[in-house]
Every structure is written in structure tokens, then in C-alpha cells.
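J.: based on what follows, work out the 3D shape:
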Amino acid sequence: MRPFIQPDPAQTRAAVEAVAAWILDEAAPRPARGEIAAAVRLTARTLPQVAPGSSVEVRVPPYVAVQCISGPRHTRGTPPNVVETDPRTWLRLVAGIERFDDAVAAGAIDASGSRAAELAGLLPITPLKIR
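T.: The predicted model follows:
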């Protein structure tokens, strides 16, 4: 995977706050695709800063895939440790609205491999204040 420019924390927070109503309430109007993409990409690209490495791949299609968490580097084929979810679930996780284990149990996250659950310890990334 090619390296990404490290996201600015203020820009990341602003992107998450721009879609906060939808993160908190599925009945809220869906944000524009570009707003969702920005929030998903910026938060996911924060993971390699927090937990550098390549042993777990996090996928949020169609927006982003990143590798994080130290350990053996994966270079070809399907990685042994993968976490995949939809954009709204990802944003609820990074905002601290939903817990990783609960999302896995509900089937909203596909987590495979012995190290995939380590992602839970890196969340939330950009907690939202719930009023």
C-alpha cells in the first residue's frame, strides 16, 4: 500500500462533525458522498499513525483500506487479519457511539484473523460529544 499524507486532527474532527447527525441517527438525511468519504478516509488514515504496522488491514469500502498494528507485514493476496465494515458503522466506531465487540456480534463488522480484535483497543479515534 502506498503511504498516505498524515491527516490533520482538526480536519479529521471537522469531517466527523460534518456527518455527526447521520452517525447518531440513521433517520437523519444522508450526507453527501464527499462528506462521508472525507470522514471515513481521514479517520481510517489516522490508524497507521496511532498503531504503525501492517498486520491488520481495515477496509471500509468503497472509500479506504489501511494497514496498521505492528507485526508481520502482509504483501500479497488476502491478509490473514482483516476488519471490514460499512461507512456508517465505521464512523460510529471512531466516534465512540458503538463498541467494536457489539458491532461484530450484530454482524456489522466482518473481523477475521487472530489479531483483528486488536483494533478495538484503538477506538474511538474522534469521539463525539453526545448532547
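J.: where's Ile109 relative to Ala116, distance?
T.: Between Ile109 and Ala116 the computed distance is 9 Å (Cβ to Cβ, to the nearest Å). Just so you know, the C-beta spots here come from the backbone N, C-alpha and C atoms, and that holds for glycine as well.
J.: the biggest helix by length in the chain: what's the following helix or strand?
T.: Taking DSSP state H as the criterion, the chain has its longest helix at helix 33-44. Once the chain leaves helix 33-44, the next helix or strand it forms, by DSSP states H and E, is helix 47-50.
J.: contacts for that next one, please.
T.: The contact list for helix 47-50 (Cβ atoms under 8 Å, 6 or more residues apart in numbering) reads Phe4, Gln6, Pro7, Val58, Val66, Gln67, Cys68, Leu119, Leu122, Ile125.
J.: do that again at 7 Å, thanks
T.: Gln6, Val58, Val66, Gln67, Cys68, Leu122 (Cβ atoms under 7 Å, 6 or more residues apart in numbering).
J.: before we move on, back to that, between Ile109 and Ala116, which contacts overlap?
T.: Residues touching both Ile109 and Ala116 (Cβ under 7 Å, 6+ apart): Val83.
J.: any of the contacts of helix 47-50 buried? List them.
T.: Buried subset of the contacts of helix 47-50 (neighbour count, 16 or more other Cβ atoms under 10 Å): Val58, Val66, Gln67, Cys68, Leu122.
J.: between these, which is nearest Trp22?
T.: Val58 (20.5 Å; Cβ to Cβ).
J.: farthest pair in the buried ones among the contacts of helix 47-50?
T.: Most distant of the buried ones among the contacts of helix 47-50, by Cβ to Cβ, are Gln67 and Leu122, 12.9 Å apart.
J.: burial count for Val64?
T.: Using other Cβ atoms under 10 Å, Val64 has 19 other residues around it.
J.: state the distance from it to Pro127.
T.: Taking Cβ to Cβ, one finds Val64 at 20 Å from Pro127.
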